[in-house]
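> Show me how the following folds:
(2 chains)
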Amino acid sequence: MRGTLSDRTGAALLMAPLLLFLVLAYAWPFLGVVKWSFTLPTPGLGQYHALLTDDLVQSVFIRTLRIAAIVTVVSVTAAYAITVVWVRGSPVQRVLAEFCILVPFWISVLTRAFGWVALLSNRGLINTWLQSIGFISEPLTLVRNEFGVIVGMSHFLIPFAVFPLASAMRSLDERVLLAARGLGSSRMRTFWTVFVPMTRSGIIGSALITFVFSLGFFVTPAILGGGRSVMIAELIYLRIFQSPDWGLGAAISVVLVVFVGALMALVFRYVRPKQLV
Amino acid sequence: MQQPGRAAEIKANGIGKSFGSFRALDNLTLDIGRGEFLTLLGPSGSGKTTFLMILAGFVQPSEGKLFSDGVDITNRPAEQRAAGMVFQGYALFPHMSVEQNIAFPLKVRKKSAAEIKSRVGEMIERVGLRGHEKKLPAQLSGGQQQRVALARALVFEPGVLLLDEPFSALDKSLRGQMQAEMKRLHQETGTTFVFVTHDQSEALALSSRVAIFNHGKLLQVGRPDEVYDRPANRFVAEFLGEINMLPVKGVRPADNGATGLCEDRAVNMRCKAEAIKGDAILAIRPEDMSIAPEASVNENGIAATAVASTYLGAATKLDLTTRQGAKVTVSVPNEVAAAALSKGNSVWLTWPAEKGFLLPDGGQ
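Okay, the predicted model is just below:
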């Protein structure tokens, strides 16, 4: 990281447009949001006090953390399996895995959410099929609840969870795995006691990205939750656009940003994930 | 490789390996004796590492059979062969402490906690890592990592220990120290050691036998002094150290060996001439030649002029040119070299008959 003065000046100049954009598009407006949270409708800490006492806000916060945690576990686990195939599989498997990872990026989040509705709804593909083979008599409630939200969000986030894992698996020294086998360890044992621990930084990076991303999800929970499984971003939207409660919406936003910032700082402080992408 | 605590005897029978069209190893037949220290020596790409990987079970040979104590293990997977192995770069488990690294093969074998503790402790003592038990590999020096790798590979008493260029990352003084230590470990454990290196001095210093590889072929196997003093061909002769090559004409059997003409003088060799007749190459190590003012008719000798010298401390390396233009290097006492150079004119190079050996002309 240490370079000559001109190196650093050059780097600063190259980064300047991005920094300027971030300040103008995010930091400055966010300061406005912070201001609202302390001034609307009356100046003071009233909205933060409301946050601590409002049952609805608290239940949404808890639901958001729960869904984000479940989605993180599901996505990282699935992504781990896909990445193992992508990085260590046969040439054919690699191409297939790459296809599965990249194709979702071509389809908009909206299309994918409606696709899941078509699959999961009471008269959707899965329920009709299960009923036609006589496996169930009544349709299963697969959508407009937390289950649907978790399915849709995990599907969206798995490809993002893949990249930190792939980077960790690619940098792993093949000889260490050979050494484990040579010392008598079965493939299974080598996987669990050597391979997985050695990709720990990738797992942490992957989980962090997925979790932070999940906390701010809006479109997918709004469509697949059907209003019954409101998450924090949707709550902020409702407070600002549908009820004249800008102060509370702003306060929730500030808490969310501070929480994510603190989480990132904590993770980077103690585990320093080497590579996020 | 299966009975713990007992050195294995390995037979390779017609082993070959191709990677696509590349022939990495060709028809290798080699017996590795119980408890011996065998070095596989050769330049990179010579097939020595491929053979080691085949012994470990990481690479499947394209043809041939491998036996351990008489049992065919050609198709036995690496984890069931359980040869101890020390990799280039050590391949320690970076997330495990020194203790956990060494305990790994014992845990895999489901040894009792008490046994693991005592054997790991014993091994740590033996390789001199007391006090470093809780450290991670990244917190150790290269030499210490090397010791962990050795301890981990030996703790489960494998029948054979395979070492893939283990000293290549160490500096020279540490390398000497680790070589001595490895020799001691070999004596203490009595295990069969198979060691891969491209460093000929390391091979000669450590091994009970050296196997020399080039282009996927095993060229010669023998005790260090055998391969050094009686190389089977030109490649082996040159790979094991500096050597002078002089053309000889009209080689024919004679009393006690062979005779021929070198630079128009009769020379005698103690080796047999059956295989080599007519024109050949006479090879003599630099340290086996001396400088003399005269050479008698019965003595092996050729005339040469000293052209340059390199002071090496204990001796001087002297470069000479013979009358017919061959270049010769000798290693002589410092004052002899100075005298030869200052005279500026011709000196005689002499050597005992038993120190020169014949190689086929022009061939490998």
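> how about the helices in the stretch 51-200 of chain A?
Using DSSP state H, counting those that start in this stretch, the helices found in the stretch 51-200 of chain A span residues A:55-88, A:91-102, A:109-120, A:125-132, A:146-170, A:174-182, A:187-190, A:196-198, A:200-215.
> Contacts for the helix or strand where residue B:304 lies, please.
Residue B:304 is located in strand B:301-311, with elements delineated by DSSP states H and E. Contacts of strand B:301-311 with the rest of the structure, by CB atoms under 8 Å, 6 or more residues apart in numbering or on different chains, involve B:246, B:262-263, B:265, B:292, B:295, B:316-323, B:328, B:334, B:337-338, B:340-341, B:343-351. For glycine as for every other residue, the C-beta is placed from the backbone atoms N, C-alpha and C.
> ok, the nearest residue to residue A:249 once chain neighbours are set aside - how many residues close by?
Sequence neighbours aside, residue A:239 is the residue nearest to residue A:249 in space, at 3.3 Å (criterion: CB to CB, 6 or more residues apart in numbering or on different chains). For residue A:239, the neighbour count with other CB atoms under 10 Å in any protein chain shown is 21.
> which ones are touching residue A:239?
Residue A:239 makes contacts with A:245, A:246, A:248, A:249, A:252, as judged by CB under 8 Å, 6+ apart.
> rerun that using 7 Å as the cut-off
A:245, A:248, A:249, A:252 (CB atoms under 7 Å, 6 or more residues apart in numbering or on different chains).
> Let's see if you can find the most crowded of the residues you listed.
When neighbours are counted by other CB under 10 Å, residue A:252 leads these with 26 neighbours.
> Could you measure from that residue over to chain B?
40 Å (CB to the nearest CB, to the nearest Å).
> list the contacts for that residue?
Contact analysis of residue A:252 by CB under 7 Å, 6+ apart lists A:51, A:57, A:232, A:235, A:236, A:239.
> State the number of residues packed around residue B:130.
Using other CB under 10 Å, residue B:130 has 10 other residues around it.
> on that earlier part again, mean pLDDT, distance to residue B:229 and mean neighbour count for the helices of the stretch 51-200 of chain A - can I get that in CSV?
Below are these laid out as CSV (pLDDT from 0 to 100; distance: least, CB to CB, whole Å; neighbours: other CB atoms under 10 Å in any protein chain shown):
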stretch, mean pLDDT, distance to residue B:229, mean neighbour count
helix A:55-88, 94, 49, 18
helix A:91-102, 92, 51, 13
helix A:109-120, 90, 76, 16
helix A:125-132, 90, 81, 14
helix A:146-170, 93, 49, 23
helix A:174-182, 92, 36, 21
helix A:187-190, 92, 46, 14
helix A:196-198, 94, 48, 16
helix A:200-215, 92, 55, 22
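> and those as TSV, adding distance to residue A:31?
TSV is the format used below for the helices of the stretch 51-200 of chain A (distance: least, CB to CB, whole Å):
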stretch	distance to residue A:31
helix A:55-88	23
helix A:91-102	38
helix A:109-120	28
helix A:125-132	47
helix A:146-170	29
helix A:174-182	49
helix A:187-190	52
helix A:196-198	43
helix A:200-215	21
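> and of those, who's closest to residue B:90?
helix A:174-182 (8.4 Å; CB to CB).
> Could you list every helix and strand that that closest one packs against?
Applying 3 or more CB pairs under 7 Å, 6 or more residues apart in numbering or on different chains; DSSP states H and E, one finds that helix A:174-182 contacts helix A:187-190, helix B:78-81.
> let's go with 10 Å and repeat that
With contacts defined as 3 or more CB pairs under 10 Å, 6 or more residues apart in numbering or on different chains; DSSP states H and E, helix A:174-182 has these neighbours: helix A:187-190, helix B:48-56, helix B:78-81, strand B:84-86, helix B:98-108, helix B:142-154.
> Which one of these has the poorest average confidence?
Sorting these by mean pLDDT places helix B:78-81 lowest, at a mean of 89.
> roughly how far is it from the heart of the chain?
Relative to its chain's centre, helix B:78-81 lies at 27 Å (CA atoms, centre = their mean, to the nearest Å).
> Tell me which residues of it come out buried.
If you call a residue buried by 16 or more other CB atoms under 10 Å in any protein chain shown, then helix B:78-81 has these buried ones: B:78, B:79, B:81.
> now stretch B:38-47
For stretch B:38-47, the neighbour count (16+ other CB under 10 Å) marks B:38, B:39, B:40, B:41, B:42, B:46, B:47 as buried.
> likewise stretch B:178-197?
Residues of stretch B:178-197 classed as buried by neighbour count (16+ other CB under 10 Å): B:178-179, B:181-182, B:185-186, B:189, B:191-197.
> Output those as TSV; include the columns distance to residue A:176, secondary structure and pLDDT.
Below are those laid out as TSV (distance: CB to CB, whole Å; DSSP: H, G, I helix; E, B strand; the rest coil; pLDDT from 0 to 100):
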residue	distance to residue A:176	secondary structure	pLDDT
B:178	21	helix	86
B:179	25	helix	88
B:181	23	helix	87
B:182	22	helix	89
B:185	22	helix	90
B:186	25	helix	92
B:189	24	helix	89
B:191	23	coil	93
B:192	24	strand	94
B:193	22	strand	95
B:194	21	strand	95
B:195	21	strand	94
B:196	19	strand	95
B:197	22	strand	92
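> Where does the prediction get shaky in the stretch 201-350 of chain B?
For the stretch 201-350 of chain B, applying pLDDT under 70 flags the ranges B:272-277, B:343-345.
> the helices in the stretch 151-300 of chain B, which residues?
For the stretch 151-300 of chain B, the helices defined by DSSP H, counting those that start in this stretch cover B:172-189, B:200-206, B:224-229, B:234-239.
> of all the ones you listed, which lies closest to residue A:145?
Residue A:145 lies closest to helix B:172-189 among these, at 64.5 Å (CB to CB).
> The closest one packs against which elements?
With contacts taken as 3+ CB pairs under 10 Å, 6+ apart, helix B:172-189 sits against strand B:37-41, helix B:113-126, helix B:142-154, strand B:160-164, strand B:192-197, helix B:200-206.
> I'd like the distance from it to the chain centre, please.
Relative to where its chain is centred, helix B:172-189 has its mean C-alpha point 15 Å off (CA atoms, centre = their mean).
> How about the contacts made by the residue in the stretch 101-250 of chain B that chain A sits nearest to?
Closest to chain A within the stretch 101-250 of chain B is residue B:105: 4.1 Å, counting by CB to the nearest CB. Neighbour list for residue B:105: A:179-180, A:182-185, B:82, B:84, B:111, B:116, B:119, B:152-158 [criterion: CB atoms under 10 Å, 6 or more residues apart in numbering or on different chains].
> ok, 6 Å please
Counting by CB atoms under 6 Å, 6 or more residues apart in numbering or on different chains, residue B:105 touches A:183, A:184, B:156.
> For the residues you listed, could you give me a markdown table that also reports distance to residue A:174, pLDDT and neighbour count?
Below are those laid out as a markdown table (distance: CB to CB, whole Å; pLDDT from 0 to 100; neighbours: other CB atoms under 10 Å in any protein chain shown):
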| residue | distance to residue A:174 | pLDDT | neighbour count |
| --- | --- | --- | --- |
| A:183 | 15 | 92 | 28 |
| A:184 | 18 | 91 | 22 |
| B:156 | 22 | 93 | 21 |
